[in-house]
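*Asks:* how does the following fold in three dimensions:
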Amino acid sequence: MGLFSFIARFFKQAAVANPPRIPGDLAPRGTPYRPAPAPNPTPAKPRVATKLNLDAGQFTPVSGAELKKKAAGLTWNWTTVNFDRRDQIPSSAEPRTALIDRALVAQGLLTPEQLVEIHEVGAKMAELRPKFANVQIIAQNAVAADAAERRARKEQKKAEAAQRRQTHATAVLHRKATDIVFLGRGVSGGLADRRANIEKLQSLRLPVLATPADIAKALGHEISRLRWLAFHSDASAVTHYVRFQIPKKSGGTRELAAPHRDMAACQDWIRVNILDRIALHDAAHGFVANRSTLTNATPHVQKATVVNADVKDFFPSITFPRVKGVFQQLGYSPAAATVLALLCTECSRARVTFEGRELWVATGPRGLPQGASTSPALSNLVARGLDGRLAGLAKKLGWTYTRYADDLTFSANAEGSAKTAWLLARLRHIVGEENFVVNEKKTRVQRPNAQQTVTGIVVNQHPNIPRDTVRRIRAILHRAKTGGLAAQNHEQHPYFESWVGGMIAYIKMVNPSRGLELKTAFDALAK
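*Replies:* Below is the predicted model of the structure:
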């Protein structure tokens, strides 16, 4: 099949599939073209090409015979043949294209005006095709430029983030070297508040401390060392105390915690420079300068009724928040109060082994350790409210009140003894409101017909040492004349001679005449 046969068959099939919209049958080949009547009586103006100078008249229809004749005389330029291209419209200047256009018009498939518009579009596409050819390159360059810009922004952000991290790390190192902002969970809440009541501190003649740095400077430590001493942990590999158990007179054991050197030095400074400068209630006699068990017992001599009560777990019940509150009441900032309270409190701990490591695990809240030099003074400061209320109650009922550490003592003459039950009821109520608990097992009511003792001193007629204690010391000294003093150490005291000398000094303080007698016998043994 030749090219022209193919074209003729193609146009024939197209004419059958798309008959022209004119009344009547198709005109035979070679019949001049008659355009279809327009539906609008007003004829449409022909489109005039402005760019290619095309005229609809050049697309006059051609008959089949003329088509064959002209097609046979065409010379093919294969360099410009674009029949297989579907992305461009062939130029109207090509003879074969013009012949095909006329054939399309002859078959009624297109109008000359439509062909003019088609070739104008093709010319515009040919004009823009070089630009389209560069679109991919332009797009690739744009994508590459955008990627480079994004990489540059990413690198810039990385550099800025690294700079921020470096700045933050430097700030953290500086803050760690000059300040404390965290000392453990549950105890660091006040470290950000550095507002101290300077006027109150100065009026009490106390050192002005507002920040952890102030405390570190006063104690003579670096910030890092102070942080290590004050840090709270529920499980720690180290402990700042040496812990040991001693038996109680009432049964059981008591845990003592002796602080290590640096902790003990910090606590001594706090006691001397802060705690010992605060005035206490007159009823407090324990751990107070120029007061003793003798001054505590003397107000209760020759009374009709003596009531002894004991506060249960006195030191452990004075917890970290209460100690911190004491320092804040003195005028210290929450930050300074937090650090000072952490230096003065500690948890009861048990030694355990976990994954091959030995740890000291907290078994209770932070409280006053029995063994720290600050614990007695702090207990007296915490108990000032208790002393004030109990002293007021005793005065109202006609009684006398004193306190030596956790021992509460009341005494009254015969007139006030009738209100003993009322006193005990109010005592439990007030002690409970002050966040303490009365040890009911150690509450005693002593009458004159039996031995009345206050903190180990007999107060029936005058302050005296219990008879059994004096007889025991006298027997030891008597037997030591023949067998030596060391042979009398039946209870295996580690420092028996010092213990005997201490007991004699205590007896002499309470009963000078009897103590002097025992002291003479003891000195004779030494010679």
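*Asks:* now do the helices in the stretch 151-300 of the chain.
*Replies:* For the stretch 151-300 of the chain, the helices defined by DSSP state H, counting those that start in this stretch cover 198-203, 212-219, 223-230, 261-273, 293-297.
*Asks:* pull the helix or strand with minimum mean pLDDT from this structure.
*Replies:* In the chain, the helix or strand scored least confidently by mean pLDDT, DSSP states H and E is helix 3-17, which has a mean of 51.
*Asks:* looking at the helices of the stretch 151-300 of the chain, spot the one closest to residue 351.
*Replies:* helix 261-273 (18.2 Å; Cβ to Cβ). The way it works is simple: take the backbone N, C-alpha and C, and place the C-beta from them, glycine included.
*Asks:* what residue ranges in this protein score low on pLDDT?
*Replies:* Within the chain, the stretches with pLDDT under 70 are 1-58, 73-87, 130-133.
*Asks:* would you mark the buried spots in the top strand by length along it?
*Replies:* For the chain, the longest strand by residue count, based on DSSP state E, is strand 357-367. If you call a residue buried by 16 or more other Cβ atoms under 10 Å, then strand 357-367 has these buried ones: 359, 360, 362, 366, 367.
*Asks:* alpha carbons only: can I get the helix or strand following that strand in CSV?
*Replies:* Moving toward the C-terminus from strand 357-367, the first helix or strand encountered (DSSP states H and E) is helix 375-382. Only the C-alpha atoms of helix 375-382 are listed here, as CSV (Å, rounded to 0.1, in the frame of the first residue of the first chain):
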residue,chain,number,x,y,z
SER,A,375,20.5,18.7,116.7
PRO,A,376,20.1,19.7,120.3
ALA,A,377,20.0,23.4,119.6
LEU,A,378,17.6,23.0,116.7
SER,A,379,15.3,20.8,118.8
ASN,A,380,15.1,23.6,121.4
LEU,A,381,14.3,26.1,118.7
VAL,A,382,11.6,23.9,117.1
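*Asks:* residues touching helix 375-382, excluding its own?
*Replies:* For helix 375-382, contacts defined as Cβ atoms under 8 Å, 6 or more residues apart in numbering pick out 271, 275-276, 278, 280-281, 284, 286-288, 314-315, 318, 322-323, 326, 344, 368-369, 405.
*Asks:* and the angle from it to helix 261-273?
*Replies:* Going by axes from the mean of the first three to the mean of the last three Cα atoms, to 10 degrees, helix 375-382 is angled at 40 degrees with respect to helix 261-273.
*Asks:* tell me what angle the longest strand of the chain forms with helix 375-382.
*Replies:* Put simply, strand 357-367 runs at 30 degrees to helix 375-382, going by the same axes, to 10 degrees.
*Asks:* roughly how far is strand 357-367 from the heart of the chain?
*Replies:* How far strand 357-367 lies from its chain's middle: 21 Å, per Cα atoms, centre = their mean, to the nearest Å.
*Asks:* partners of the closest residue to residue 320 other than its chain neighbours in the sheet?
*Replies:* Once flanking residues are discounted, residue 320 sits nearest to residue 366: 3.9 Å by Cβ to Cβ, 6 or more residues apart in numbering. Under DSSP bridges, the beta-bridge partners of residue 366 are residue 347.
*Asks:* grab the most central residue of this structure for me.
*Replies:* Nearest residue to the geometric centre of the chain (Cα atoms, centre = their mean): residue 185, 7.7 Å.
*Asks:* got the phi and psi for it?
*Replies:* Per-residue torsions, residue 185: phi -70, psi 140 (degrees, to the nearest 10).
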